[in-house]
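Engineer: just the structure for this:
(one chain, ligands or ions: 4)
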Amino acid sequence: MVTAPSYTHELQVAQLAVQRATILTKRVFHEKAKGTVDKNDKSPVTIGDFGAQALIIAALKHNFPEDAIVAEEEAAQLKEDANLRDTIWNLVKDTKLDDEEAEKTLGGAIKSVDSMLELIDLGNSPGGSKGRIWTIDPIDGTKGFLRGGQYAVCLGLMVDGEVRVGVLGCPNLPVDDSARLTADIGSNATDEGRGVLFSAVEYKGANSRPLTTGGLSPDSKHIGMRPIEDLTKATFCESVEAGHSAHDDQAVISQKLGITEPSVRMDSQAKYGSIARGAGDIYLRLPVKATYQEKIWDHAAGDLIVRESGGQVTDIHGKRLDFSIGRTLANNKGVVAAPLPVHERVLKVVQEVLKI
Ligand SMILES: Nc1ncnc2c1ncn2[C@@H]1O[C@H](COP(=O)(O)O)[C@@H](OP(=O)(O)O)[C@H]1O
Ligand SMILES: [Mg+2]
Ligand SMILES: [Mg+2]
Ligand SMILES: [Mg+2]
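Structural biologist: Ligands and ions are numbered 1, 2, ... in the order given. This next block holds a predicted model:
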């Protein structure tokens with residue numbers, strides 16, 4: 001009998017690395033609120049993006065020096081902007097997990113500002129179908145992050161083109177897995193009762209646990225999608241940004257499915273995590289611009305977490321997302337994610353409405 005690899009070490013490093021990165025993103029957000037980082041619209045997210053990416057890559061390089069990395073950001077902008085670079089370095093150099101053992105697992109602090117820049121640029125792999133490739137979105141849902149709404153720190157491991165491990169850190173989602181999505185989820189800014197870390201390993205199911213500042217917490221729980229036969233009772237979620245998915249088509253589809261509640265709008269892969277634990281049911285991301293290619297870091301972790309929770313994730317043509325062809329999902333258009341038993345019904349209505 002062939003048993004599936006357990007990826008135990010990979011999962012542990014990925015969880016701790018994401019956890020540590022969210023300490024940094026939360027610091028950036030709170031320091032923005034206090035006015036200690038520039039309030040200029042772009043800068044807090046830039047600081048958070050580069051800082052989180054540097055910390056995650058440092059942890060991966062320490063543990064898996066041979067692995068390739070596809071990450072969203074590159075350091076070019078930092079090399080020209082000494083102020084920005086120093087602000088980021090000041091945050092990165094002393095962001096660490098409370099638990100010393102856990103911090104040691106990640107390799108401890110980055111040594112210098114120059115090594116931080118080098119680390120950021122190690123995320124430049126072209127991706128592909130061979131070998132071990134990590135993919136990082138240091139802050140997914142940049143608009144949500146700035147608003148105090150939803151964002152996610154995302155990390156996935158692909159081996160030979162298939163996602164095998166996925167981790168999503170969602171600092172602004174409720175810890176409580178049983179809390180249904182509400183309309184204000186995209187704008188809530190309190191820290192109370194919030195912060196969840198989702199993870200999945202291929203063939204091993206998906207889990208959630210509270211996002212802490214320490215090591216691995218023992219209260220990891222198995223998650224699953226809500227069994228739903230009656231689609232009229234489904235909750236469907238979509239991007240806040242109208243430019244990222246076609247709100248008008250999605251509204252028609254929702255109506256045709258008989259869904260009575262309005263859509264829940266929220267940024268980032270927190271949508272995948274939310275449907276995976278049954279807080280919502282369906283996630284639609286229908287293309288607005290025919291030429292846009294979705295990025296692998298926007299989907300890898302969420303795709304696995306939903307599939308391991310009893311869901312199906314395809315594009316609008318019913319094809320599984322193909323992570324094996326580079327930095328983008330060039331073989332796919334849009335995303336349709338739903339519980340496995342109803343996915344085909346949802347897809348059929350998507351295709352009717354899009355006339356494909
Ligand atoms: N025209 C477009 N269509 C779909 N996705 C887009 C897009 N332009 C940008 N994006 C991606 O949408 C992501 C956010 O998704 P969502 O709307 O679900 O929050 C962005 O991630 P970042 O915020 O990491 O840049 C970005 O990569
Ligand atoms: Mg993103
Ligand atoms: Mg991003
Ligand atoms: Mg971006």
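
Engineer: hey, let's count contacts and neighbours off CA atoms from now on
Structural biologist: Fine.

Engineer: the longest strand along the chain: how far from the chain's middle?
Structural biologist: Assignment by DSSP state E gives strand 162-174 as the longest strand of the chain. Strand 162-174 sits 5 Å away from the centroid of its parent chain (Cα atoms, centre = their mean, to the nearest Å).

Engineer: what does stretch 228-239 give?
Structural biologist: 21 Å.

Engineer: again with stretch 273-285
Structural biologist: Centre to centre, stretch against its chain (Cα atoms, centre = their mean), the figure for stretch 273-285 is 13 Å.

Engineer: quick revisit: hmm, the longest strand of the chain in reach of ligand 3?
Structural biologist: No: Strand 162-174 lies out of reach of ligand 3 by Cα under 5 Å from the ion, never closer than 12.6 Å.

Engineer: sheet-wise, list the partners of that strand with their directions.
Structural biologist: strand 152-159 (antiparallel), strand 194-201 (antiparallel) (DSSP bridges).

Engineer: for the first one, which outside residues touch it?
Structural biologist: So that's strand 152-159. The contact list for strand 152-159 (Cα atoms under 8 Å, 6 or more residues apart in numbering) reads 14, 18, 21-22, 129-141, 163-171, 268-270, 297-298, 300-301, 323.

Engineer: ditto for the last one
Structural biologist: Identification of contacts with strand 194-201 by Cα under 8 Å, 6+ apart yields 6-7, 11, 15, 19, 164-175, 206-212, 273, 301, 304-305, 308.

Engineer: repeat that for stretch 47-58.
Structural biologist: By Cα under 8 Å, 6+ apart, stretch 47-58 touches 17-18, 20-22, 24-25, 28, 71, 73, 75, 84, 87-89, 91-92, 106-107, 110, 116-117, 119-120, 122-123, 136-139.

Engineer: intersect those with the contacts of ligand 1.
Structural biologist: Contacts with ligand 1 within those, as defined by Cα under 6 Å from any ligand atom: 137, 139.

Engineer: in helices, which of the contacts of stretch 47-58 fall?
Structural biologist: 17-18, 20-22, 24-25, 28, 84, 87-89, 91-92, 116-117, 119-120 (DSSP state H).

Engineer: just the residues you listed that are near ligand 3?
Structural biologist: Within the ones in helices among the contacts of stretch 47-58, nothing lies near ligand 3 by Cα under 5 Å from the ion.

Engineer: close to ligand 3: what parts of the stretch 1-150 of the chain are there?
Structural biologist: So the stretch 1-150 of the chain meets ligand 3 at 137, 139-140 (Cα under 5 Å from the ion).

Engineer: buried only: go through the ones in helices among the contacts of stretch 47-58 for me.
Structural biologist: 17-18, 20-22, 24-25, 28, 84, 88-89, 91-92, 116-117, 119-120 (16 or more other Cα atoms under 10 Å).

Engineer: circling back to that earlier point, need the buried ones from the contacts of strand 152-159 selected in ChimeraX.
Structural biologist: The ChimeraX selection below is limited to those of these classed as buried (16+ other Cα under 10 Å):
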select :14,18,21,22,129,132,133,134,135,136,137,138,139,140,141,163,164,165,166,167,168,169,170,171,268,269,270,297,298,300,301,323
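
Engineer: following the one helix or strand His9 maps to, which helix or strand shows up next?
Structural biologist: Using DSSP states H and E, His9 maps to helix 8-34. Following helix 8-34 in sequence order, the next helix or strand is helix 43-63 (DSSP H and E).

Engineer: pull the CA atoms of that following helix into PDB?
Structural biologist: Output in PDB follows, covering the C-alpha atoms of helix 43-63 (Å, rounded to 0.1, in the frame of the first residue of the first chain):
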ATOM      1  CA  SER A  43       2.600  52.700   2.600                       C
ATOM      2  CA  PRO A  44       1.200  50.600   5.400                       C
ATOM      3  CA  VAL A  45       0.400  47.800   3.100                       C
ATOM      4  CA  THR A  46       3.800  48.100   1.400                       C
ATOM      5  CA  ILE A  47       5.500  47.800   4.800                       C
ATOM      6  CA  GLY A  48       3.400  44.800   5.800                       C
ATOM      7  CA  ASP A  49       3.800  43.100   2.400                       C
ATOM      8  CA  PHE A  50       7.600  43.300   2.300                       C
ATOM      9  CA  GLY A  51       8.000  42.600   6.000                       C
ATOM     10  CA  ALA A  52       5.800  39.500   6.000                       C
ATOM     11  CA  GLN A  53       7.300  38.100   2.800                       C
ATOM     12  CA  ALA A  54      10.900  38.500   4.300                       C
ATOM     13  CA  LEU A  55       9.900  36.700   7.500                       C
ATOM     14  CA  ILE A  56       8.200  33.800   5.700                       C
ATOM     15  CA  ILE A  57      11.000  33.300   3.200                       C
ATOM     16  CA  ALA A  58      13.600  33.400   6.000                       C
ATOM     17  CA  ALA A  59      11.700  30.500   7.700                       C
ATOM     18  CA  LEU A  60      11.400  28.500   4.500                       C
ATOM     19  CA  LYS A  61      15.100  29.000   3.600                       C
ATOM     20  CA  HIS A  62      16.200  27.900   7.100                       C
ATOM     21  CA  ASN A  63      14.200  24.700   6.900                       C
END
